[in-house]
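A.B. asks: sharing a model that was predicted from the sequence below.
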Amino acid sequence: MVDPARVICDSSALIEGGKGMRFSVLRDGKPIPAFVIRYNGGAHAYLNQCAHIPVELDWIEGEFFDSSGLYLICTTHGATYEPDSGHCIMGPCKGQRLTALEVAEIDGKVYLTHSEKNHG
Ligand code: FES
């Protein structure tokens, strides 16, 4: 399903390895929580659902990175994800991945361009 592009936030709101911005996408007419973070200069967005159990990753709103700022971490059981691929490298769902969403940065704003994204 293609969503019309929409603005999630200003690019300046996303700090490298810092707080993420929460938003939602519609799936089957229902709002599903999602988030976007900045890593290696790029914006990366995912559904806010752990691959282990589909709970939100952040207990403290917007805190998706671990203390190193290099990995995303689920606060429930500690699943650790690569920020740019959503691939789980450690924890109970190792080998699985977050559901990625397509985003683009245009003229200082972060846009949701598609509600699903495939990683080959
Ligand atoms: S719910 Fe995320 S690691 Fe278990």
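C.D. replies: That came through fine.
A.B. asks: what about the residue sitting furthest away from the middle of the chain, distance to residue 42?
C.D. replies: Largest separation from the mean C-alpha position in the chain: residue 107, at 21.0 Å (CA atoms, centre = their mean). Going from residue 107 to residue 42 by CB to CB, to the nearest Å gives 16 Å. C-beta coordinates here come from the backbone N, C-alpha and C atoms, glycine included.
A.B. asks: and the worst-scoring helix or strand of the chain on mean pLDDT, what other elements does it pack with?
C.D. replies: Ranking every helix and strand in the chain by mean pLDDT, DSSP states H and E puts strand 109-114 at the bottom, with a mean of 92. If contacts are counted by 3 or more CB pairs under 8 Å, 6 or more residues apart in numbering; DSSP states H and E, strand 109-114 sits against strand 6-10, strand 21-27, strand 100-106.
A.B. asks: what comes up buried for stretch 29-43?
C.D. replies: Neighbour counts over stretch 29-43 (16 or more other CB atoms under 10 Å) mark 32, 33, 34, 35, 36, 37, 38, 39, 43 as buried.
A.B. asks: near the ligand, which residues of the chain?
C.D. replies: With CB under 6 Å from any ligand atom as the criterion, the chain meets the ligand at residues 50, 52, 53, 55, 74, 76, 77, 78, 79, 91, 92.
A.B. asks: what do you get if the cut-off is 5 Å, keeping everything else the same?
C.D. replies: Counting by CB under 5 Å from any ligand atom, the chain comes close to the ligand at 50, 52, 53, 55, 74, 76, 77, 79.
A.B. asks: out of those residues, which are buried?
C.D. replies: 50, 52, 74, 79.
A.B. asks: which pair of these spans the longest distance?
C.D. replies: Pairwise distances across these (CB to CB) peak at 6.8 Å, for the pair 52 and 74.
A.B. asks: so what sits against both of these two?
C.D. replies: Overlap of the contact sets of residue 52 and residue 74 (by CB atoms under 8 Å, 6 or more residues apart in numbering) consists of residue 91.
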